[in-house]
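> coords please:
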Amino acid sequence: MQISLARQVALITGASSGIGHAAAKALAAAGAAVVINYNRQAEPAEALARQIIADGGQAIAIGADVSKEDEVERLFAQTLEAFGSLDILVANSGLQKDAAAVDMTLDDWNAVIGVNLTGQFLCARAALRIFNRQGVREGVSRAAGKIIHMSSVHQRIPWAGHVNYAASKGGVDQLMQTLAQEVSHQRIRINGIAPGAIRTAINEEATEGAAGEKLLELIPYGRIGDVDDVANAVVFLASDAADYIVGTTLFIDGGMSLYPEFRGNG
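All right, here's what the predicted structure looks like:
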């Protein structure tokens, strides 16, 4: 199966590193013009844009804090200024501020909810408004627009010491399903991706060495995921090959969400 996203425009939030960076690169390789959003790390996002352009693609890097309404509105306005349309949103921005519940500050609770959940709502709302104005662009995509919400296995699996993060991802699941229920009749496809343990620079300490070996006990498939495992799924869900997939979360976790601790405990 060969996927082409030619003539489509994709906006990926939180794309200066990790999963978002890989998703932007993969969408560009499939032919989409990409908007690489970042918050604080401008240089990696701008370097990726330069690389995509050098390879013959179209890309631009735009800084914006997705938890702030005015910055989200500016991000989407600049996307339209640059490329004239929007077909794909990958709502990927996320952060962690971990602590036991009794020690967690309200600021840390609000910061995580603000980016991981409110930010996804603000971006989805902005994208939906554009999709509604555009409608289906014949010959470009069978859908009027596609949104992919990046969640986590922790929308399903509780995670002690990370109550703000787990709550945000549980909220993302219901956000995605409710939006899909609300707008799918407008030929807008909304789905989610729930990664498990994915090897990135940010979580290197937890995925390498002895910590990585311990982590494998939670992964039936026997390996830690790579960012390309998620990026490939993003491209698929953004394409017409997934045109009948609506309101679904794809778990990319090597089986982590199967609760492998219960093997042999029946």
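> Number of residues surrounding Leu237?
22 (other C-beta atoms under 10 Å). C-beta here means a position set from N, CA and C on the backbone, and glycine is covered the same way.
> quick check, it in a strand?
No: going by DSSP: H, G, I helix; E, B strand; the rest coil, the assignment for Leu237 is helix, not a strand.
> Identify the residues contacting it.
By C-beta atoms under 8 Å, 6 or more residues apart in numbering, the residues touching Leu237 are 146, 148, 189, 191, 193, 245, 250.
> what helix or strand is the fourth one on?
Following DSSP states H and E, one finds Asn191 within strand 188-195.
> Give the partner strands of that strand in its sheet and their orientations.
Strand 188-195 has these partner strands in its sheet, going by DSSP bridges: strand 145-150 (parallel), strand 249-252 (parallel).
> The ones you listed: which one's closest to Ala32?
strand 145-150 (10.8 Å; C-beta to C-beta).
> C-terminal to the strand holding Asn191, what's the next element?
Counting by DSSP H and E, the element after strand 188-195 in chain order, helix or strand, is strand 198-199.
> Who is the nearest residue to Ile88 once chain neighbours are set aside paired with across the strands?
Nearest in space to Ile88, with sequence neighbours left out and distances taken as C-beta to C-beta, 6 or more residues apart in numbering, is Ala10 at 3.8 Å. Taking DSSP bridges as the rule, Ala10 bridges to Val34, Ile88.
> sorry, back to before: what is the nearest of the contacts of Leu237 to Gln120?
Using C-beta to C-beta, Ile148 comes nearest to Gln120 of the contacts of Leu237, at 10.4 Å.
> And the closest one, what's its pLDDT?
pLDDT, Ile148: 99.
> Help me confirm that it comes into contact with Val234.
Yes: between Ile148 and Val234 there is a contact at 5.8 Å, judged by C-beta atoms under 8 Å.
> Need the overlap of contacts for these two.
90, 193.
> so Phe131 is in which element?
helix 119-134.
> on contacts alone, who are the packing partners of that helix?
helix 69-83, strand 88-91, strand 145-150, helix 163-183, strand 188-195 (3 or more C-beta pairs under 8 Å, 6 or more residues apart in numbering; DSSP states H and E).
> Tally up the residues packed near the residue nearest to Ile88, please.
Ala10: 31 neighbours (other C-beta under 10 Å).
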